[in-house]
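*Asks:* Need coordinates for the below:
(2 chains)
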Amino acid sequence: MGVYILKRIMTIIPIFLIATLLTFGMIHLSPVDPAEAYLAAANIQPTEELLEQTRQEFGLDKPLLVQYINSVMKISQFDFGVSYVTNKPVWEEVSSRMPATIQLTVGSLIIAILASIPLGFLAGIKKNSGIDHFSRFLSFFGASIPSFWFGYLLIFFFSVKLDLFPVEGIGTWKHLVLPAITLALPLIALYTRLLRASVLESLEEPYVLFARTRGIHEKKIMGKHVLRIAISPMITGLGMNLGKLMTGAIIVEAVFSWPGFGRYFIEAVFNRDVPVIQCYVLLAAGLFLISNLIVDLIQMYIDPRISRKGRQFQ
Amino acid sequence: MIASLSVLVKSQKVIVICSLMLCTLLFISAFAPWLAPNDPTLVNFAHKLQGPSLNYPLGTDHLGRCTFSRILFGARVSLGFATLIFISSLTIGLIIGLIAGYKGGWVDQLLMRFADGVMAFPDLLLVLGLVGIWGAGLKQVVLALIFVQWVYYARVIRGVVLSLKEQNYITAAKISGSSQWKIMKKHIIPNVLPPLAVIGTLEMGWAIMHLSSMSFLGLGVQPPIPEWGAMIHEGKSYIRTDPLLMVYPGLMIMLVVVTFNLLGESLSERFGIKRR
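*Replies:* Reported below is the predicted structural model:
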């Protein structure tokens, strides 16, 4: 088991290195000269001398391999360089905006779990009932509604018409409700569907039949045998979707003027602020890898067979 | 027997309805210039923010442009670019999948590890990262979407090629002197088509959704081109006074995505194929 954990942690490092190589490669393959982009973003008229000077400043005159190793060394110390626009360290800018995004994603994660566990579970044990049809409708439309549009519909009904929640911005818990629901909807759709399917699957298992023949109370069977096993793929889904949640937050933050990391990223894309973009991509990739790792470990704790047979739900 | 038959008919019904929907959408996008009552980009401040009328069936937007005409032309933009993305990623996926499947060995390993790398990350993250580095714009968004999509086609095609390689009837066809083209036509294409149809329809919905999201963020289609996501972006400022301005394009996106998803799901049920 300890070996498995160690092995699993070791696999993260090469994947993350590939991610850094990819972002590094993308930046160097892009037709834009970083020095030129820097000067353009800082509103300085580029001249040959200035370009040369900027290149030296960024170490762009060194061989590619040296540049790459330097950038990896810096990244491992959370040094993502300086924003072209504000001239401040990227990490400072990003970490000041992180709490808002974390608040949003954690809020929507909680909503998604609270909504989808009862819904998916009930839909699974009462197949073809009203609640099952509702859950299938929800999981289908939740996956097909553009989230930005859903956000505006919520704003229209709950802020403009009913005046229950503020239209935009951050502050009290009331500000959080609509954006978190918007971000949670596709997750609710996904988790409900996952849980329903795995409940249906585990109801077919022989141990459920056996428990029934032993005369164990139906409630106990459901809670102890069905739900506990059925929830396992959902935990995998949770980990796999943290990265999705972070990228989904970009759109939701744009809709609700939420002052988080996502909005900052979009601004950076418009300004071609390459260090910020790189930082975002690497952070999201890192978060994604680490959350998958944690999920693996939790699953291994719940179901020790996994460390032997490897990951089941890729 | 009867139950499975009714399920089949039911899933067929969905397929028929969705196909009809798609034909209507194709018709609308093909004949938008003839169907639209007005020029979708014609600015007319005298008529701005009007309600529905005979001249403007769905009213006008903040620049006095005909919303109905913009919706019709929007179908053209969304479906057109989704088709472009579909065909390009299918072509790339087909070539890479065939090469990986036929060659095997280190070529296969290299190509598939790369594909795994692309699939490992959340798709929107890759799209945004690429657009961020290449710069905002329609061309970059389309390229980024293709970059993320081809992987799914490549994997399916490689899988089919690999499983066919082992089949005796292919060897038999080869021994009996069938030409490469005949083997392709009689054995490979019929096997590849069902999974491709399923992935293709689902990915079309995905592409339309993501293209409109990018346009909504201002990264994709730029105004004044009528595109549904961009229309929502423009309409959002009038949410208090004219909410319908952003309701129509959103409904259209949802309608199209639902159609593609429903069709893809029914097809995968029909052919017994697992979704991605």
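
*Asks:* rest of the way, CA atoms for contacts and neighbours
*Replies:* Will do.

*Asks:* Please name the residues that touch B:F81.
*Replies:* Shown in contact with B:F81 (Cα atoms under 8 Å, 6 or more residues apart in numbering or on different chains): B:142, B:208.

*Asks:* How about chain B: which residue is closest to chain A?
*Replies:* B:G132 (4.6 Å; Cα to the nearest Cα).

*Asks:* Okay, and residue 230 sits in which element?
*Replies:* No chain was given, so I picked chain A. A:A230 is part of helix A:228-256, with elements assigned from DSSP states H and E.

*Asks:* I was thinking of chain B, sorry if that wasn't clear
*Replies:* Here B:A230 sits within helix B:228-235, counting by DSSP H and E.

*Asks:* Determine how far that helix lies from the middle of the whole chain.
*Replies:* Centroid separation for helix B:228-235 versus its chain: 19 Å, with Cα atoms, centre = their mean, to the nearest Å.

*Asks:* Figure out how far stretch A:133-152 is from the centre of its chain.
*Replies:* Chain-centre distance of stretch A:133-152: 19 Å, with Cα atoms, centre = their mean.

*Asks:* chain center to the helix holding A:A230, what's the gap?
*Replies:* Computed by Cα atoms, centre = their mean, the chain-centroid distance of helix A:228-256 equals 5 Å.

*Asks:* Quick one: work out the angle between that helix and helix B:228-235.
*Replies:* 50 degrees (axes from the mean of the first three to the mean of the last three Cα atoms, to 10 degrees).

*Asks:* What helices and strands are in contact with helix A:228-256?
*Replies:* Under the contact criterion of 3 or more Cα pairs under 8 Å, 6 or more residues apart in numbering or on different chains; DSSP states H and E, helix A:228-256 touches helix A:90-125, helix A:147-154, helix A:173-203, helix A:261-271, helix A:274-302, helix B:123-134, helix B:189-217.

*Asks:* what's the angle between it and helix B:123-134?
*Replies:* Between helix A:228-256 and helix B:123-134, the angle comes out at 40 degrees (the same axes, to 10 degrees).

*Asks:* Just the buried positions in helix A:228-256, please.
*Replies:* Applying a neighbour-count criterion of 16 or more other Cα atoms under 10 Å in any protein chain shown, one finds A:229-256 buried in helix A:228-256.

*Asks:* How about stretch B:228-246?
*Replies:* So, applying 16+ other Cα under 10 Å, buried residues of stretch B:228-246: B:228-236, B:239, B:242-246.

*Asks:* near chain A too, which of those residues?
*Replies:* Subset of the buried residues of stretch B:228-246 in contact with chain A: B:232, B:236, B:239, B:243, B:246, counting by Cα under 8 Å from any Cα of the partner chain.

*Asks:* For the third one, which non-adjacent residue is closest in space?
*Replies:* When the adjacent residues along the chain are set aside, B:I239 lies closest to A:F156, with 6.7 Å between them (Cα to Cα, 6 or more residues apart in numbering or on different chains).

*Asks:* tell me the contacts of the one you found?
*Replies:* Counting by Cα under 8 Å, 6+ apart, A:F156 has contacts B:239-240, B:243.

*Asks:* any low-confidence regions in chain A?
*Replies:* Counting by pLDDT under 70, chain A shows low-confidence ranges at A:1, A:29-32, A:34, A:41-42, A:303-314.

*Asks:* what does it have sitting close to chain B?
*Replies:* So far as Cα under 8 Å from any Cα goes, chain A lies against chain B at A:26-27, A:30-32, A:141, A:144-146, A:148-149, A:152-153, A:156, A:160, A:241, A:243-244, A:247-248, A:251, A:254, A:266, A:268-270, A:272, A:274, A:277-278, A:281, A:284-285, A:288.

*Asks:* Would you show me how to pick out the buried ones of those in ChimeraX?
*Replies:* The following ChimeraX line selects those of the residues of chain A next to chain B that are buried, judged by 16+ other Cα under 10 Å:
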select /A:26,27,141,144,145,146,148,149,152,153,156,160,241,243,244,247,248,251,254,266,268,269,270,272,274,277,278,281,284,285,288
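
*Asks:* Please name whichever of the helices and strands packed on helix A:228-256 is nearest to B:Q149.
*Replies:* Checking those against B:Q149 by Cα to Cα gives helix B:189-217 as the closest, at 7.6 Å.

*Asks:* Close to chain A: what parts of chain B are there?
*Replies:* B:121-126, B:129-136, B:209, B:213, B:216-217, B:219, B:232, B:236, B:239-240, B:243, B:246-247, B:250, B:253-254, B:257-258, B:261.

*Asks:* quick one: B:V221 from B:V141, how far?
*Replies:* Counting by Cα to Cα, to the nearest Å, the gap from B:V221 to B:V141 is 9 Å.

*Asks:* make that B:K185, sorry
*Replies:* Counting by Cα to Cα - B:K185 and B:V141 are separated by 35 Å.

*Asks:* In three-state terms, label B:P223 for me.
*Replies:* coil (DSSP: H, G, I helix; E, B strand; the rest coil).

*Asks:* That one contacts B:A230, correct?
*Replies:* Yes. The pair formed by B:P223 and B:A230 meets the contact definition of Cα atoms under 8 Å, at 7.0 Å.

*Asks:* Neighbours of residue 154, how many?
*Replies:* The chain I'm using is chain A. Residues lying near A:L154 (other Cα atoms under 10 Å in any protein chain shown) number 19.

*Asks:* try chain B instead
*Replies:* Using other Cα under 10 Å, B:A154 is surrounded by 26 other residues.

*Asks:* shaky segments in chain B?
*Replies:* B:1-11, B:273-276.

*Asks:* so what's the residue nearest to the spatial centre of it up against?
*Replies:* Closest to where the C-alpha atoms of chain B average out (Cα atoms, centre = their mean) is B:M204, at 1.6 Å. Applying Cα under 8 Å, 6+ apart to B:M204 gives the contacts B:82-83, B:86, B:260.

*Asks:* what's the closest non-adjacent residue to the closest residue to chain B within chain A?
*Replies:* Relative to chain B, the nearest point of chain A is A:V269 (4.6 Å; Cα to the nearest Cα). Leaving aside its sequence neighbours, A:V269 sits nearest to B:G132 (Cα to Cα, 6+ apart; 4.6 Å).

*Asks:* Kindly report the same for A:I290.
*Replies:* A:I12 (7.8 Å).

*Asks:* Counting neighbours, which of the contacts of B:M204 comes out on top?
*Replies:* Ranked by neighbour count (other Cα under 10 Å), the contacts of B:M204 have B:F260 at the top, with 26 neighbours.

*Asks:* between the helix or strand that contains that residue and helix B:189-217, how many degrees?
*Replies:* Taking DSSP H and E as the definition, one finds B:F260 inside helix B:244-271. Angle of helix B:244-271 versus helix B:189-217, following the same axes, to 10 degrees, is 160 degrees.

*Asks:* Who are the packing partners of helix B:244-271?
*Replies:* By 3+ Cα pairs under 8 Å, 6+ apart, helix B:244-271 packs against helix A:130-144, helix A:147-154, helix B:2-30, helix B:67-103, helix B:189-217, helix B:228-235.
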